[in-house]
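Colleague: Following is a predicted model, sequence given first.
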Amino acid sequence: MRGQPVYLSAPGILCCAGSGGTQFYAAAREGVQSGIRPVTLPDGRSFLSGRIADKFLRPAAGGFDMRLLRIADAALEQIRADIEGAAAAYGPDRIAVCVGSCDNGSECSLAAHKAYFADGFFPENYDLRIQGAAYPADFIARKFGLSGPSAAVSTACASSAGAIVRAAELIRAGWCDAAIAGGVDVASETVLLGFGSLEAVSETVCNPFSKNRSGITLGEGAAFFVVSRSDISGAGIELAGSGESSDAFHLTAPRADGGGAAAAMRSALADAGMQPEEVGYINAHGTGTPLNDSMEALALAAVFPKICEAPLVSSTKPITGHTLGAAGALELALCWLTLCSSRRDASVPVHCWDGVYDQNMPALRFAGPGTCVKDLRACMSNSFAFGGCNTSLILKKN
């Protein structure tokens with residue numbers, strides 16, 4: 001990004017693949033899919049989902065026993081020292097909160113409405129505020145006593161990527177000096193049933209970019225950074241560029257030729273002042289649906305046309321599940337961890353699939369087990385959402 005450099009602290013992470021950066025990065029490097037398990041809903045239907053083990057969750061947070069807030073709380077506690085350090089350095093009124101999420105309290109509202117239909121009144125502990133998109137951001141601001149700008153971003157699967165962009169914009173505009181930025185989402189009953197009704201859920205673990213792909217695997221998780229005008233954690237990881245575009249092509253289907261996704265990637269490269277060959281690794285959106293993977297492969301081939309020089313690519317959704325509004329931040333966290341692993345010999349997240357190429361798509365350089373990139377300096381993370389909302393982020397190590 002041009003102008004004021006913006007740095008990202010070490011991330012706080014919680015998903016079905018692990019709690020904290022060490023566990024999560026190891027699972028992604030090794031392709032561990034043990035967190036994907038069947039979830040049975042009250043009506044008897046079962047879905048595979050990346051569900052977080054209860055042992056990793058903190059007690060009820062924010063006055064409500066919301067799984068979404070408990071997941072966020074556990075991830076935030078991992079970066080408490082950086083948050084408190086930023087507040088001490090700049091003041092609580094100069095720390096913003098930018099959160100991406102999609103669920104908007106459905107886990108509580110669904111139960112409350114079931115009680116209303118059965119009994120004629122809502123439970124005493126039900127509060128309409130929890131259904132607001134801003135509620136997670138409000139919770140975080142209260143938790144840490146912050147009074148700077150507070151923003152909620154709800155742009156489907158690109159939500160938390162957009163939240164990180166907004167945080168950088170607030171810092172550069174002078175509205176704050178640092179921000180807690182990232183996202184959180186849950187694979188609630190509403191989410192599982194909703195994607196099931198779209199016939200978009202795979203009966204097996206998702207198989208991104210394979211000829212045999214048949215849909216997504218849902219998951220839940222959270223990832224948060226302290227985004228700041230100074231390098232708080234000393235890692236030297238900078239948000240070098242961001243790009244956003246909007247297809248406005250279809251409510252749920254992406255533009256088939258990948259034009260919108262390609263525009264976001266090109267915009268991120270231009271913002272960073274980088275050439276395509278300077279990016280060594282890309283964490284693809286890679287959901288495993290026929291339409292998404294096809295258009296993303298076309299977009300990647302258009303932006304990175306020289307296959308022999310193209311960056312390594314992987315989709316980590318078979319490891320985490322598709323964490324919806326949290327996906328952008330969670331996958332950017334993997335890029336952060338990869339850049340920090342080693343300047344000269346970075347082991348990148350493996351691409352988990354059956355290895356069966358779809359001959360109707362351009363060939364990509366997928367990262368295999370143990371694949372390393374020499375002198376890795378920049379990574380890209382892609383998030384492409386419903387409605388054609390596309391966001392690409394580039395991290396570089398100084």
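Modeller: Arrived safely. None of these values were measured; they are calculated from a predicted model. Numbering: from 1, shown residues only.

Colleague: can we go C-alpha only for contacts and neighbour counts from here?
Modeller: OK.

Colleague: For the stretch 101-250 of the chain, which segments count as strands?
Modeller: Remark: strands assigned in the stretch 101-250 of the chain by DSSP state E, counting those that start in this stretch are 150-153, 178-185, 218-219, 221-228, 237-246.

Colleague: what separates the second one from the chain centre, distance-wise?
Modeller: Offset of strand 178-185 from its chain centre (C-alpha atoms, centre = their mean, to the nearest Å): 10 Å.

Colleague: Check the average confidence over it, would you?
Modeller: For strand 178-185, mean pLDDT rounds to 97.

Colleague: For this structure, which helix or strand comes out least confident on mean pLDDT?
Modeller: strand 345-347 (a mean of 74; mean pLDDT, DSSP states H and E).

Colleague: so who does Ile394 touch?
Modeller: Neighbouring residues of Ile394 by C-alpha atoms under 8 Å, 6 or more residues apart in numbering: 239-242, 268-269, 272, 378-381.

Colleague: was I right about Ala302 contacting Ala262?
Modeller: Yes: using C-alpha atoms under 8 Å, Ala302 is in contact with Ala262, at 7.0 Å.

Colleague: who's more crowded, the two?
Modeller: Neighbour count, other C-alpha atoms under 10 Å: between Ala302 and Ala262, Ala262 has more, with 27 against 16.

Colleague: Val303 is in contact with that one, correct?
Modeller: Yes: between Ala262 and Val303 there is a contact at 6.3 Å, judged by C-alpha under 8 Å.

Colleague: coming back round to it: out of the contacts of Ile394, flag the one nearest to Pro11.
Modeller: Leu239 (13.3 Å; C-alpha to C-alpha).

Colleague: what about the stretch 251-398 of the chain, any weak spots by pLDDT?
Modeller: Residue ranges of the stretch 251-398 of the chain with pLDDT under 70: 307-308, 342-345.

Colleague: on that earlier part again, can you list the strands of the stretch 101-250 of the chain in TSV and add mean neighbour count and distance to Phe121?
Modeller: Putting the strands of the stretch 101-250 of the chain into TSV (neighbours: other C-alpha atoms under 10 Å; distance: least, C-alpha to C-alpha, whole Å) gives the following:
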stretch	mean neighbour count	distance to Phe121
strand 150-153	22	30
strand 178-185	33	28
strand 218-219	30	32
strand 221-228	31	32
strand 237-246	23	42
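
Colleague: just so I know, which of those strands lies nearest Lys317?
Modeller: strand 218-219 (8.5 Å).

Colleague: For Ala10, give me its contacts.
Modeller: Taking C-alpha under 8 Å, 6+ apart, one finds 79, 225-226, 233, 235, 336 in contact with Ala10.

Colleague: Now do the SS call for it.
Modeller: coil (DSSP: H, G, I helix; E, B strand; the rest coil).

Colleague: swap in Asp354?
Modeller: Asp354 - assigned by three-state DSSP - is coil.

Colleague: So which of the contacts of Ala10 sits lowest on pLDDT?
Modeller: Out of these, that is Ser233, at 86.

Colleague: isn't that residue right next to Ile83, touching?
Modeller: No: Ser233 lies out of contact with Ile83 (C-alpha under 8 Å); the separation is 10.5 Å.

Colleague: the more surrounded of the two?
Modeller: Ile83 (25 against 16).

Colleague: Roughly how far does the more buried one sit from Cys335?
Modeller: 21 Å (C-alpha to C-alpha, to the nearest Å).

Colleague: Out of the contacts of Ile394, which is nearest to Phe24?
Modeller: Ser381 (16.3 Å).

Colleague: Could you list which residues are in contact with that closest one?
Modeller: 282-285, 328, 331-332, 335, 392-394.

Colleague: Adjacent strands (with direction) for the helix or strand containing it?
Modeller: Assigned by DSSP states H and E, Ser381 belongs to strand 378-385. Next to strand 378-385 in the sheet, as set by DSSP bridges, lie strand 281-283 (parallel), strand 389-397 (antiparallel).

Colleague: can the ones you listed go into a markdown table with extra columns for distance to Pro11?
Modeller: Shown next, in a markdown table, are the strands paired with strand 378-385 (distance: least, C-alpha to C-alpha, whole Å):
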| stretch | distance to Pro11 |
| --- | --- |
| strand 281-283 | 16 |
| strand 389-397 | 13 |
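
Colleague: between the contacts of Ser381, which is closest to Val191?
Modeller: Closest to Val191, out of all of the contacts of Ser381 and judged by C-alpha to C-alpha, is Gly328, at 17.7 Å.

Colleague: Kindly provide the distance from that closest one to Gly174.
Modeller: 25 Å.

Colleague: Then Ala167?
Modeller: 11 Å.

Colleague: More neighbours: which of those two?
Modeller: A direct count of neighbours by other C-alpha under 10 Å for Ala167 and Gly174 places Ala167 higher, at 31 against 11.
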